[in-house]
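Novice: A predicted structure for the sequence below; I have some questions about it.
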Amino acid sequence: MLGDSVQREDGPLAKLVPADRARAQSLAALTLRHMPRIDAVLAEFMDHKPPLRALNALRVCAAEIVLDGIPAHGAVNAAVEIARASQKTKHLAGMVNAVGRKLGELDVSALQDMPVPQLPKALRGAIVKAFGPEGTEAIERAHLERPPVDLTLRDPSKGAEWAEKLGAELLPTGSLRLHQPGQISALDGFEEGAWWVQDAAAAMPVRLMGDISGKRVLDLCAAPGGKTMQLCAAGADVTALDLSPERMHRVMENTRRMGFRPRMEVANAMHWTPDEPFDAILLDAPCSATGTIRRHPDLPYVRPSLDLKPLLDLQQNMLQRAAGWLKPGGQMVYATCSLIPAEGERQIARALEPTDLVEAPVDAAALGLTPEWQVSTGAIRLRPDYWPERGGMDGFYMARLHKQ
C-alpha cells in the first residue's frame, strides 16, 4: 500500500537524508489525501487499472503535477523510471509516459471541483452520529488540507519573540504555527531545544492541568514524549511510562535533547504499580487516532474497519487503575486523539460512576479556545475543522478529573 512507510522510522524513508525524507513524506501524504480524486482523474485516461506499482507511480505523478505545481516533464520522467525499475511493470513505461503527459494538461480545478472524498463507511457512520452530516463533511474537507507545523515552546512567555524569529503565527493557546516550515532541524532554536514539534491540539491536555510546578506527575503512555517535555518544562517531577522499549527510547532521545531528565519506566500499565501516589496523572490513552487523519492520511487505508471494543476496554481499565494511583485531592487529565465519543465522553461517564473522581472545572476561553468547544464542566472536544482560517487542528477529547 502506498502509505505503508509514511510513518515507519525503519522503512525505506529512513535511508534518506532529512530534506529528501521530508519531501517524500509530504508527497506521500498529499497523494493519499487526494487519492479518490486522483484515481477518478486517472480512470479517464486508462481502459483498466494497471498493476499497483504503475498505478502508484501515476498517483504520485498526478499529485506532483496537479496539486504541487511540479513541472510535468520531471514528474513524468520519475514515474516512467519507477515503472521501468520493475520486471512486472517495465512494459507499462509507455503507458505511464502517455498518461503522465495528459496529466500535464490539467490544472488544480480538475481535482478541486470533484466531491470531497468520504471517510470509510464504518468510521463515517460513527462521526455522522456524533457530529451530524454537516459536521462530518466539514471534517472531511479539513482532511484535504495540508496541515501546518505547530511548535510548543520550552518557555511559553517568549511566544511573541519566537514567533518573530521564525516567521510563525502565535496561536491563542500559546503554540506557534509555521505555515511554510521547510526543514525543521534547520530552524532557529532546534539545536538549543527552545521548542519541539507538537500539534496545537495535542499540547492542550497538559495545559488543562494548570500549575504543576513541584508536583509529582505521571505521564502514562508517554511516547513519543511531547507531553512529557511539556510537564518537565512546567517544573513537574515527571515519571514517564510506556509499554514499548523502542518508543521509550525515542522519549529518552527527545527529552535528553531538551535537557530534561524524567524518570523512565518501561512497563505494562496494567501490571505496574508506583512506589507512592501521584499529585497528577496525564493519561493520553491508546485510541483509534481518528483525530489525526489530517496529518496521517494513510490511516483510513490501514484501518478501514472500526473494531473499538478492545480499545474501549483497555481505556476504561487504564482509567480505573490510574485513579488508584492518585493522591486524595489529586487530578487526572484523560485524553484521546479520537473523534469518536465512545473513546472520550462515554469513557468519562463510565469512569466517574465506580470511582471517587469528579470533573474539575475547565475554562476554555482562558486556555485560548472557543467556549463552544467545551462540552462539559471539565471536558473539551476539538475537531479538525476548527480554526479553518488558521489551518485546522487535530481532533482531540480531553477531560480534567479531580479525586475527592
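Specialist: Thanks, I have the structure now.
Novice: now do the domain split for the chain, please.
Specialist: According to automatic domain parsing, the chain comprises the domains 12-112, 199-403.
Novice: between the two ends of the longest one, how far is it?
Specialist: The one in question is domain 199-403. 29 Å (Cα to Cα, to the nearest Å).
Novice: residue 365: neighbour count?
Specialist: By the measure other Cβ atoms under 10 Å, the count of residues near residue 365 is 11. Where C-beta positions appear, they are placed from N, C-alpha and C, glycine not excepted.
Novice: correction: the previous question concerned residue 23.
Specialist: 12.
Novice: residues contacting the helix or strand harbouring it, please?
Specialist: When elements are assigned from DSSP states H and E, residue 23 belongs to helix 18-33. Residues from elsewhere that reach helix 18-33 (Cβ atoms under 8 Å, 6 or more residues apart in numbering): 2-3, 5-6, 13-14, 16, 38, 59-60, 62-64, 67-68, 143-144, 146, 183-185, 295-298, 301.
Novice: can you show me the CA trace of that helix as CSV?
Specialist: Extracted in CSV, the C-alpha atoms of helix 18-33 (Å, rounded to 0.1, in the frame of the first residue of the first chain):
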residue,chain,number,x,y,z
PRO,A,18,16.4,14.7,6.2
ALA,A,19,15.4,17.0,3.3
ASP,A,20,14.6,14.2,1.0
ARG,A,21,12.8,12.3,3.7
ALA,A,22,10.6,15.3,4.4
ARG,A,23,9.8,15.7,0.8
ALA,A,24,8.9,12.0,0.3
GLN,A,25,6.7,12.1,3.4
SER,A,26,5.0,15.3,2.2
LEU,A,27,4.4,13.9,-1.3
ALA,A,28,3.1,10.6,0.0
ALA,A,29,0.7,12.4,2.4
LEU,A,30,-0.5,14.7,-0.4
THR,A,31,-1.2,11.7,-2.7
LEU,A,32,-3.1,9.8,0.0
ARG,A,33,-5.1,12.9,0.9
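Novice: and the next helix or strand after it, what does it pack onto?
Specialist: Downstream of helix 18-33, the first helix or strand assigned by DSSP H and E is helix 35-43. On a contact count with 3 or more Cβ pairs under 8 Å, 6 or more residues apart in numbering; DSSP states H and E, helix 35-43 meets helix 52-62, helix 109-112.
Novice: what is the neighbour count of the residue lying closest to residue 337 once chain neighbours are set aside?
Specialist: Distances taken as Cβ to Cβ, 6 or more residues apart in numbering put residue 291 closest to residue 337, at 4.2 Å, once the chain neighbours are dropped. By other Cβ under 10 Å, the residues close to residue 291 number 28.
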